[in-house]
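> Sequence and computational prediction follow.
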Amino acid sequence: MTRTSHRWQSKPGAFDTLHTTRLYPSDNEYGIPDLEHTPVNQIPAWLAPYRQRIRTDEPLNDGAVHFFTDDYRFETVWNRPYKALEALAPYRMVLTPDFSLYRDWPLMLQLWNTYRNRWCGRFWQEQGFTVIPTMSWSTAVSYDFCFLGMPRRSVVAVSAVGVNLNSPLDYRLFVDGFAEMVRRLEPQVVLSYGRIPATCRELAEVVTYPTRWTNIRAARQRGE
């Protein structure tokens, strides 16, 4: 008997970092999980970033958690999904995590982040949350997978935060991806964290939410 043989009787805590023991139904060749439809009456009154402390004793039923921030700030929702539920527990609605799809990244990494987006969403739906899918894309090549697992005629969320809309290329990539999303998914309502190009608002009904920095600037102007 070796000195470590006692560990063979149970699996280590990180034995399934890819969550292969929790696979969800999928209608695509990549196995990207299918998200259930979110009805149009499930529109949050406000959005708050993941793990932001909100000072209130009231139930947080009318708002939703978003992940439009640096990826490292919410990596735990994938690495430790049950632990992350503690931070999400006060809420009823959550957006799926906005894992990045950078155009200069290998497509495999973009595909992987799309998978993780949908997996977290389906996991949260099983936990009883109302889940609003977050949409991301890079170039037209990503259209092959970035819309998979998404319900049609549902509510979706997007953000142009971090996109240099003053760059003709970045502007075109965002608008083209938005138009392709509308064509394929026909969303009833698009939630936008921060402003998006006016062209996008002509393609679908858009509800715009202020960014965290917009709220901070407004508070400073009020002297709060």
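Everything's here; your move.
> Contacts only, for the closest residue to residue 81 other than its chain neighbours.
Ranked by Cβ to Cβ, 6 or more residues apart in numbering and with sequence neighbours excluded, the top spatial neighbour of residue 81 is residue 123, at 5.8 Å. For every residue, glycine as well, the C-beta is placed using N, CA and C. Neighbouring residues of residue 123 by Cβ atoms under 8 Å, 6 or more residues apart in numbering: 22, 24, 81.
> Just give me the longest strand of the protein.
Secondary structure of the chain per DSSP state E: the longest strand is strand 60-66.
> Report the contact partners of residue 98.
Contacts of residue 98 by Cβ under 8 Å, 6+ apart are 66-69, 117, 134, 136, 159.
> Among those, which ones are in strands?
Per DSSP E, these map to strands at 66, 159.
> how far out from the middle of the chain is the host helix or strand of the residue nearest to residue 81?
Assigned by DSSP states H and E, residue 123 belongs to helix 107-126. Counting by Cα atoms, centre = their mean, to the nearest Å, helix 107-126 is centred 9 Å from the centre of its parent chain.
> Can I get that helix as CSV, trimmed to CA atoms?
These are the backbone C-alpha positions of helix 107-126, laid out as CSV (Å, rounded to 0.1, in the frame of the first residue of the first chain):
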residue,chain,number,x,y,z
LEU,A,107,-11.5,30.0,-32.7
MET,A,108,-11.3,27.1,-30.3
LEU,A,109,-11.0,29.5,-27.4
GLN,A,110,-14.0,31.5,-28.7
LEU,A,111,-16.0,28.3,-29.1
TRP,A,112,-15.0,27.2,-25.5
ASN,A,113,-16.2,30.5,-24.1
THR,A,114,-19.5,30.2,-25.9
TYR,A,115,-19.9,26.8,-24.4
ARG,A,116,-19.2,28.1,-20.9
ASN,A,117,-21.7,30.9,-21.4
ARG,A,118,-24.5,28.5,-22.2
TRP,A,119,-23.5,25.9,-19.7
CYS,A,120,-23.7,28.4,-16.8
GLY,A,121,-27.0,29.6,-18.1
ARG,A,122,-28.5,26.2,-18.2
PHE,A,123,-27.1,25.3,-14.8
TRP,A,124,-28.7,28.4,-13.3
GLN,A,125,-32.0,27.7,-15.0
GLU,A,126,-31.9,24.3,-13.3
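> can you pull out the helices in the protein?
Along the chain, counting by DSSP state H, helices occupy 76-79, 81-88, 107-126, 168-185, 198-201, 212-222.
> With mean pLDDT and distance to residue 17 as extra columns, can I get the ones you listed in a markdown table?
Listed next are these as a markdown table, based on pLDDT from 0 to 100; distance: least, Cβ to Cβ, whole Å:
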| stretch | mean pLDDT | distance to residue 17 |
| --- | --- | --- |
| helix 76-79 | 97 | 7 |
| helix 81-88 | 95 | 11 |
| helix 107-126 | 98 | 12 |
| helix 168-185 | 98 | 30 |
| helix 198-201 | 97 | 37 |
| helix 212-222 | 44 | 31 |
